[in-house]
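In: mind folding the following:
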Amino acid sequence: MQWSTNNGCREFIPIEPDSEVDRFIMQASEQDIVTVSHGMRFRIHPVPEEDFDSNYDPDRFRESILGTSGLLKGLDVEEFKKEILEERRQNSIGRPE
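Out: Presented below is the predicted three-dimensional model:
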């Protein structure tokens, strides 16, 4: 079974009920799970059914991105970079030295 690309998934992978994988995944119904396999981290969490029927519209998204075109027109880029560097030099809680 293939899922639509609207939900960001490319393939549906069924899990055998009462299998070891099923029992592991069902733990995610109580709390999110993070696991590591082959050096990669995976977060497993339940997804509400309505998320699969999302109203994601790629054309609308593209329009909104293109709508920001020119937003920074006239910005003094060098001045903006200086401001960012000054902000980064401030002692912030949790900022590495």
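In: helices of this structure, start to end?
Out: Counting by DSSP state H, the chain has helices at residues 20-26, 58-66, 77-89.
In: neighbours around Ile25, how many?
Out: Neighbours of Ile25 under the rule other CB atoms under 10 Å: 15. Every C-beta, even on glycine, is put in place using the N, C-alpha and C of the backbone.
In: quick one: residues contacting it.
Out: Counting by CB atoms under 8 Å, 6 or more residues apart in numbering, Ile25 makes contact with Ile15, Ile33, Ile44.
In: which of these ranks first by neighbour count?
Out: Neighbour max across the contacts of Ile25 (other CB under 10 Å) = Ile33, 15 neighbours.
In: beta partners for it?
Out: On the basis of DSSP bridges, Ile33 is bridged to Ile44.
In: quick one: contacts for it?
Out: By CB under 8 Å, 6+ apart, Ile33 lies in contact with Phe24, Ile25, Gln27, Arg43, Ile44, His45.
In: tell me the one of those nearest Phe80?
Out: Using CB to CB, Arg43 comes nearest to Phe80 of the contacts of Ile33, at 34.6 Å.
In: look up the closest residue to that closest one, ignoring the ones flanking it.
Out: Computed as CB to CB, 6 or more residues apart in numbering, the closest residue to Arg43 that is not its neighbour in sequence is Val34, at 5.2 Å.
In: show me the contacts for the one you found.
Out: Contacts for Val34 (CB under 8 Å, 6+ apart) come out as Arg41, Phe42, Arg43, Ile44.
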